[in-house]
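Participant: next input, structure requested:
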Amino acid sequence: MEDQLAAECERKILDRLAAAGPAGLTTGALLSREKAGTRRGRICRDVLKRLLRNGDIGNLGSAGRPRYVAGEHFKPLEIAYDHVAGRAHESGTRLASRTALSKGLPGAAAKKVDEALKLLVSEGVLVRLKWAGKPVYVHASALPRPEPAGEPVSGAASAGPRKPDETDVRRAYRETVDEFGYPDVLIHEVFLRLGGELKSFKDVLREACRAGRAVAGVGDWSLSSPEERSAALYINGRPHLRIRFRE
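Facilitator: Numbers count the residues shown, from 1 in each chain. Next comes the predicted model:
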């Protein structure tokens, strides 16, 4: 009998988390129908712990305030990476500490901040400096580019691939809207029409959202492709697949 209850609880937990997508569920929302004081409630909570141990699900929150997600959505490093990169870009030329860059991150992602910082520095997205003996960071895009040695070369060949600005992105956005017929479109579809570097493209979108010139939408993660997911913007730890520019 207990095995049957456990199997039923496991199926319901996984189904509810699959339906919740990357937003996840709290313990109360996940097990609201399985009261803690009952036999069924005890079994379901044991199943929940087992699923966590086995990595079938993850906790993006903290021990005290859990937020459970299906295993495919448990990406704390990716969330930390995008969050830190976004806050650094928003800071412009201002030097930012680790504490400032990690502000607002949920529990599991907050534990990945140091790893995310190392990745961002190694990839050249952030530059690590020291201020009063402590490490601080600045987004590489905020620093002036050094002049190349030797004779100056004019034209685009000396500057490398041009980073897109909001005008470029809006042009690709309008093309996407014209094709699909509605204003909330997949970020990936806009990127396909723009081309170039995904990181620079997402930086433009992030800045437009912060300034209120664009609004990101969550979309349906369960129906999205890996390419569409790679273009998602992470805002407050949640991936957003869609974008709408304000005119």
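
Participant: quick one, strands of the chain?
Facilitator: 57-59, 68-70, 126-131, 134-139, 185-186, 214-217, 233-235, 238-240, 242-245 (DSSP state E).

Participant: among the ones you listed, which comes closest to residue 173?
Facilitator: strand 242-245 (5.4 Å; C-beta to C-beta). (C-beta placed from N, C-alpha, C; glycine too.)

Participant: give me the mean pLDDT for that closest one.
Facilitator: Per-residue pLDDT values over strand 242-245 give a mean of 93.

Participant: before we move on, the earlier item: of the strands of the chain, which is nearest residue 23?
Facilitator: Short answer: strand 238-240, nearest of the strands of the chain by C-beta to C-beta, at 5.9 Å.

Participant: count of neighbours near residue 232?
Facilitator: Residues lying near residue 232 (other C-beta atoms under 10 Å) number 24.

Participant: okay, the strands of the chain in TSV with distance to residue 201 next?
Facilitator: As requested, those are exported to TSV (distance: least, C-beta to C-beta, whole Å):
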stretch	distance to residue 201
strand 57-59	28
strand 68-70	26
strand 126-131	18
strand 134-139	15
strand 185-186	13
strand 214-217	12
strand 233-235	10
strand 238-240	14
strand 242-245	11
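
Participant: residue 99 is nearest to which of these?
Facilitator: strand 134-139 (10.2 Å).

Participant: quick one: that closest one to strand 126-131, angle?
Facilitator: Calculated by axes from the mean of the first three to the mean of the last three C-alpha atoms, to 10 degrees, strand 134-139 forms an angle of 140 degrees with strand 126-131.

Participant: which strands or helices does strand 134-139 pack on?
Facilitator: helix 76-91, helix 98-102, helix 113-122, strand 126-131 (3 or more C-beta pairs under 8 Å, 6 or more residues apart in numbering; DSSP states H and E).

Participant: could I get the ones you listed as CSV with mean pLDDT?
Facilitator: Formatted as CSV, those follow (pLDDT from 0 to 100):
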stretch, mean pLDDT
helix 76-91, 87
helix 98-102, 93
helix 113-122, 89
strand 126-131, 89
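
Participant: just those: most buried one?
Facilitator: helix 76-91 (a mean of 22; mean count of other C-beta atoms under 10 Å).

Participant: then it to CSV, C-alphas only?
Facilitator: Extracted C-alpha coordinates of helix 76-91, given in CSV (Å, rounded to 0.1, in the frame of the first residue of the first chain):
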residue,chain,number,x,y,z
PRO,A,76,21.5,27.9,-10.7
LEU,A,77,24.8,28.6,-12.4
GLU,A,78,23.1,29.8,-15.6
ILE,A,79,20.7,32.0,-13.6
ALA,A,80,23.6,33.4,-11.5
TYR,A,81,25.6,34.1,-14.7
ASP,A,82,22.9,36.0,-16.4
HIS,A,83,21.9,37.9,-13.3
VAL,A,84,25.5,39.0,-12.5
ALA,A,85,26.2,39.9,-16.1
GLY,A,86,23.0,42.0,-16.3
ARG,A,87,23.7,43.9,-13.1
ALA,A,88,27.3,44.6,-14.1
HIS,A,89,26.1,45.9,-17.5
GLU,A,90,23.5,48.1,-15.7
SER,A,91,26.3,49.6,-13.5
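
Participant: circling back: among the helices and strands packed on strand 134-139, which is nearest residue 243?
Facilitator: Comparing the helices and strands packed on strand 134-139 by C-beta to C-beta, helix 76-91 comes nearest, at 14.7 Å.

Participant: report the distance from the closest one to the chain centre.
Facilitator: Relative to the centre of its chain, helix 76-91 is centred 8 Å away, using C-alpha atoms, centre = their mean, to the nearest Å.
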